[in-house]
Structure formats: structure tokens, C-alpha cells
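Engineer: Predicted model follows, preceded by the sequence.
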Amino acid sequence: MNIQVRRFQRGAEAEFVTGLEWLFDPPGSRPPDWDRDRAVERTAQVLADENVALFAARSHENRLVGVASIYLDIASVRFGRRASIEDLAVHPEWRSRGVGAGLLTTAKEWAQEHGADYIFLESGVARTEAHRFYLRQGATHAAAAFRWTIGQPR
């Protein structure tokens, strides 16, 4: 499989968001307040941040087949500098073909080059296939995640 992974550059915001929308396919779901235009605007803001990298995986025909985002975020007293993989999405027709592994490897390399001591990834509870993939890639199931939406009725 000839997959190329490269960083997204400014001007490719809408394409990155298209990749993110693959996460809405089952077992995922569209966030109730999803706004594509707002997501494109946020992507532009993220691309301007030196502590963030967005990656595109492309087929040999230059077709977008996967996206990933990684953020340097906190310096934990207990664990050191953390990098968080916020998004890792592969086009449904390209899953189990090495795309996710290529994106994950590239994100891990970027994190190491930028001083991260560990990588954190949160994944929806219904994504059991993705969880198996992460474990095959050497992740440990280290925590449960909880979320509060600010400004929304409880």
C-alpha cells in the first residue's frame, strides 16, 4: 500500500473537515451542534498554532483517505508533557489498509520531536474496532474519560 502522510497547510481547512466527517458514520454519530462552517473556521485557527499538527493521508492517486490531529497541550506534574490525538479518521473504504497506522506513526513522531513524554487519545465507547486497533498499535487502556458540556442544559 502506497500511502503518503503529510501535514495539512493553510487553505486545506475544508478538506480536513471532510475527513473529520467520516467519524460520523456508525458506530459514530454527528454531534448535535455540528456546524461545518464553524469547523472550517476552527481548523484555520488550529493551523496557525505551532503546538498543533494536522495530517493528511493520501493514496497514490492523491485522494484523501485519512486525517489526524495532534496537540501539545499540558505539562502534567505526574506524567510530563502530553500530546493529545484529538482526531484520527480513515475513509470507510480505506480502513484496515494501513492508513490509520501511518497516521498514528506520523503523529507519534511529531509528538516526540516536539518534546512530548506521552500521547493521550480519547475514543468513543462504541468504537470497539478502533479500540482493538489502538491496542494492536501498542496503546494501553489507561483511563476512563468523562465529559461536561459547558453552557448546555444538564
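Structural biologist: It's in. Numbers count the residues shown, from 1 in each chain.
Engineer: what about V17, which helix or strand?
Structural biologist: Using DSSP states H and E, V17 maps to helix 13-20.
Engineer: Give me the angle between the next helix-or-strand element following that helix and helix 13-20.
Structural biologist: For helix 13-20, the following helix or strand on the C-terminal side (DSSP H and E) is helix 36-47. Here the directions of helix 36-47 and helix 13-20 differ by 110 degrees (axes from the mean of the first three to the mean of the last three Cα atoms, to 10 degrees).
Engineer: How about residues contacting whichever helix or strand comes after helix 36-47?
Structural biologist: Next helix or strand after helix 36-47 toward the C-terminus (DSSP H and E): strand 52-58. Strand 52-58 is contacted by residues 3-8, 12, 15-16, 19, 43, 46-47, 64-72, 90, 99, 102-103, 106-107, 110 when judged by Cβ atoms under 8 Å, 6 or more residues apart in numbering. For the C-beta atoms, the positions are set from N, CA and C on the backbone; glycine is no exception.
Engineer: returning to what we had before: for the helix holding V17, packing partners?
Structural biologist: Counting by 3 or more Cβ pairs under 8 Å, 6 or more residues apart in numbering; DSSP states H and E, the packing neighbours recorded for helix 13-20 are helix 36-47, strand 52-58, strand 64-76, strand 80-90.
Engineer: With distance to I119 and mean pLDDT added, can I get those in JSON lines?
Structural biologist: Formatted as JSON lines, these follow (distance: least, Cβ to Cβ, whole Å; pLDDT from 0 to 100):
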{"stretch": "helix 36-47", "distance to I119": "18", "mean pLDDT": "97"}
{"stretch": "strand 52-58", "distance to I119": "12", "mean pLDDT": "98"}
{"stretch": "strand 64-76", "distance to I119": "8", "mean pLDDT": "97"}
{"stretch": "strand 80-90", "distance to I119": "5", "mean pLDDT": "96"}
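Engineer: Figure out which of these is closest to G28.
Structural biologist: Nearest to G28 among these is strand 80-90 (9.0 Å), distances taken as Cβ to Cβ.
Engineer: Now do the helix or strand following that closest one: which elements does it pack against?
Structural biologist: Beyond strand 80-90 on the C-terminal side, the first helix or strand identified by DSSP H and E is helix 99-113. Of the remaining helices and strands, those touching helix 99-113 by 3+ Cβ pairs under 8 Å, 6+ apart are strand 4-7, strand 52-58, strand 64-76, strand 80-90, strand 118-121.
Engineer: Please consider this matter closed, and thank you.
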